[in-house]
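J.: Fold the following for me, if possible:
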Amino acid sequence: MNQMKTYLVSAVTFLSELGITDQPIFGLVVDGTLGAVTMAWKTNNVKFMSWNAMCDIMTSKTLSRFVSILPRLARHGLNLCGMLEKQLAIIDVKELQSKPWSKLPQRQEDERLAAARQRESEEAVAQDRR
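T.: Numbering: from 1, shown residues only. The predicted model follows:
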């Protein structure tokens, strides 16, 4: 899950540098026959969402549900490729090469999530004490 999160955050950060924001990027986390769809997008900061339900693709019910979303994801991917091609046509690539790469967005997102978990934990403890 953490590896997929790194990929997604990197992808949306890259796209935002090219001027493409508010577009979801999807990933699939797999463990054997179990899989979960994940998504990230960036508006002002990176947002990450994971469906907590792991789908077992060995059962016909979850397999059909999983397969039913694939055409929508493929169409979204084609639209995103079109947007990327348009942006690359108008951007001077030499400008982008001068920007150093940084893992800072990933670290900031991890710190934000850790702080949110800490607040939730403190609120739960405070509620239990009441």
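
J.: so where's the protein uncertain?
T.: 1, 48, 50-53, 93-101 (pLDDT under 70).

J.: try 90
T.: Residue ranges of the chain with pLDDT under 90: 1-6, 8-10, 12-24, 26-70, 72-73, 87-110, 112-113, 126-130.

J.: Need the single longest strand in the chain, by residues.
T.: Ranked by number of residues, the top strand in the chain under DSSP state E is strand 34-42.

J.: okay, that strand in PDB with CA atoms only?
T.: Extracted C-alpha coordinates of strand 34-42, given in PDB (Å, rounded to 0.1, in the frame of the first residue of the first chain):
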ATOM      1  CA  LEU A  34      -7.000  -9.800  -3.300                       C
ATOM      2  CA  GLY A  35      -7.000  -6.300  -4.800                       C
ATOM      3  CA  ALA A  36      -8.000  -2.800  -3.800                       C
ATOM      4  CA  VAL A  37      -8.300   0.300  -6.000                       C
ATOM      5  CA  THR A  38      -6.600   3.400  -4.700                       C
ATOM      6  CA  MET A  39      -6.800   7.000  -6.000                       C
ATOM      7  CA  ALA A  40      -5.000  10.300  -5.500                       C
ATOM      8  CA  TRP A  41      -5.500  13.800  -6.900                       C
ATOM      9  CA  LYS A  42      -4.200  17.200  -6.300                       C
END
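
J.: which of the residues in it are buried?
T.: 36, 37, 38, 39, 40, 41, 42 (16 or more other C-beta atoms under 10 Å). C-beta: built from backbone N, CA, C; applies to glycine.

J.: Assign a three-state SS to the residue nearest to the fifth one when sequence neighbours are not counted, would you?
T.: Read that as residue 40. In space, residue 40 comes closest to residue 8 once its chain neighbours are excluded; the distance is 3.7 Å by C-beta to C-beta, 6 or more residues apart in numbering. Classification of residue 8 by DSSP: H, G, I helix; E, B strand; the rest coil places it in helix.
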